[in-house]
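> Need coordinates for the following:
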Amino acid sequence: QVQLQESGPGLVKPSETLVLTCTDSGGSITTTYYYWNWIRLSPGKGLEWIGFISASGTTYFSPTLKSRTSIVRDTSKAQVTLQLTSVTPEDTAMYYCARGRIGTFEDWGQGTQVTVSS
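Presented below is the predicted three-dimensional model:
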């Protein structure tokens, strides 16, 4: 049973801000030991970890994406939202939300494809 569901625009133009949402329907959005990660997969770069947000709201990002990335959590909606600014075609990828204890990715969403193109 998939408990994480990503959603987003599908197509984004270069220089725009990408906003993706992960809805956690498993009732674990307030679980204190969970971290919600964003990860992407592209043919050119393979699997790339983007960042996470903890149950307490602490965030940590990949150094290569840190300047363009933010992650927020809305417990009332059981959602975790990724924002990636100033996108380029290199940001084209399948984006995944993954939940788990620190350093692990126990549960994954099905992913959402993002294409950056004018």
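> what's around the spatially closest residue to Leu41 that is not a sequence neighbour, how many residues?
Distances taken as CB to CB, 6 or more residues apart in numbering place Met94 nearest to Leu41, at 4.7 Å, with adjacent residues excluded. To be clear about C-beta, it is placed using only N, CA and C from the backbone, and glycine gets the same treatment. By the measure other CB atoms under 10 Å, the count of residues near Met94 is 16.
> Spatially nearest residue to Lys13 (excluding sequence neighbours)?
Among residues not flanking Lys13 along the chain, Ser118 sits closest, at 5.4 Å (CB to CB, 6+ apart).
> burial measure for the one you found, as a count.
9.
> Repeat that for Ile71.
By the measure other CB under 10 Å, the count of residues near Ile71 is 22.
> Return the per-residue confidence for it.
In this prediction, Ile71 carries a pLDDT score of 98.
> So what touches the one helix or strand it maps to?
Per DSSP states H and E: Ile71 is located in strand 69-74. Here strand 69-74 makes contact (CB atoms under 8 Å, 6 or more residues apart in numbering) with 29, 36, 38, 50-53, 57, 59, 61-62, 79-85.
> Would you list the strands that it pairs with, along with their directions?
Counting by DSSP bridges, the strands paired with strand 69-74 are strand 79-84 (antiparallel).
> Mind listing what's buried along the partner strand?
With burial defined by 16 or more other CB atoms under 10 Å, the residues of strand 79-84 counted as buried are Gln79, Val80, Thr81, Leu82, Leu84.
> Ile50 reaches Thr64, doesn't it?
No: contact criterion CB atoms under 8 Å: Ile50 and Thr64 do not qualify, at 9.4 Å.
> In terms of neighbours, single out the busier of the two.
Neighbours were counted for Ile50 and for Thr64 using other CB under 10 Å; Ile50 has more, 22 against 10.
> how close does the more buried one sit to Gly27?
Here the criterion is CB to CB, to the nearest Å. By it, Ile50 lies 24 Å from Gly27.
> Let me know the pLDDT of the residue nearest to Lys13.
Ser118 is given a pLDDT of 96.
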